[in-house]
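K.L.:
Below are the sequence and a predicted model for it; my questions follow.
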Amino acid sequence: MRLSALPRFGTDGERGSSTIEFLAVTVLMLVPAVYLVLTLAQVQAAAFAAEGAAREAGRHLAQADSFQDGMATATRAVELAFDDQGIEVDGARALAVECSQDPCLSPGAHVAVEVATHVDLPLVPDIVRDVVPAAVPVSAAHVVAVPQFRETA
């Protein structure tokens with residue numbers, strides 16, 4: 001029997017396609033995974049900022065001399081917390097305050113602070129944003145007690 005008479009395997013039209021298949025499958029799996037990681041990182045950063053903003057805004061309010069001064073510094077604290085994470089937020093719109101007593105900063109009162117905003121999904125074109133909601137809501141709440149033995153004005 002001659003060697004040329006033996007059947008040759010792999011000669012039925014499959015030449016070099018494994019590289020193309022590997023690249024196609026890699027791109028099809030890698031692009032969504034990278035997008036998911038990018039999106040989750042932005043949502044986590046916003047959640048971290050909202051939690052810190054709520055805590056600091058409550059602390060500033062509870063220790064302020066007046067409610068107006070407290071709201072001014074609390075609003076700035078919210079903007080600063082989000083700015084640290086690279087997110088631009090209007091502190092006055094994101095901050096909501098509810099007091100347990102009137103006046104709000106009475107000794108022993110509780111101040112509930114909520115910070116709420118939304119995170120836009122990355123790389124979503126404006127055409128899609130008009131049709132489909134392309135933002136994730138993020139919020140955090142914190143309750144702080146006004147010191148019992150503080151001076152009242």
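P.N.:
Sure thing, it's come through. Quantities reported herein were computed from a predicted structural model and do not represent experimental measurements.
K.L.:
From here on, just use CA atoms for contacts and neighbour counts.
P.N.:
OK.
K.L.:
Could I get the full set of helices for the chain?
P.N.:
17-62, 67-84, 91-94, 126-131 (DSSP state H).
K.L.:
Out of those, flag the one nearest residue 142.
P.N.:
Checking those against residue 142 by Cα to Cα gives helix 17-62 as the closest, at 5.6 Å.
K.L.:
what's the angle from that closest one to helix 67-84?
P.N.:
160 degrees (axes from the mean of the first three to the mean of the last three Cα atoms, to 10 degrees).
K.L.:
what packs against the lowest-mean-pLDDT helix or strand in the chain?
P.N.:
Counting by mean pLDDT, DSSP states H and E, the chain has its least confident helix or strand at helix 126-131, which shows a mean of 88. Counting contacts by 3 or more Cα pairs under 8 Å, 6 or more residues apart in numbering; DSSP states H and E, helix 126-131 packs against no other helix or strand.
K.L.:
can I have that helix written out in CSV, keeping just the CAs?
P.N.:
Presented in CSV, the C-alpha positions along helix 126-131 are these (Å, rounded to 0.1, in the frame of the first residue of the first chain):
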residue,chain,number,x,y,z
ASP,A,126,-29.5,60.0,22.8
ILE,A,127,-32.0,58.3,20.3
VAL,A,128,-32.2,55.3,22.6
ARG,A,129,-32.5,57.4,25.7
ASP,A,130,-35.6,59.1,24.3
VAL,A,131,-37.3,55.7,23.9
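K.L.:
So, low pLDDT: which residues of the protein?
P.N.:
Low-confidence segments of the chain (pLDDT under 70): 1-16, 151-153.
K.L.:
if we go to 80?
P.N.:
For the chain, applying pLDDT under 80 flags the ranges 1-17, 150-153.
K.L.:
Tell me which of the helices of the chain lies nearest to residue 108.
P.N.:
Proximity to residue 108 (Cα to Cα) singles out helix 17-62 among these, at 9.9 Å.
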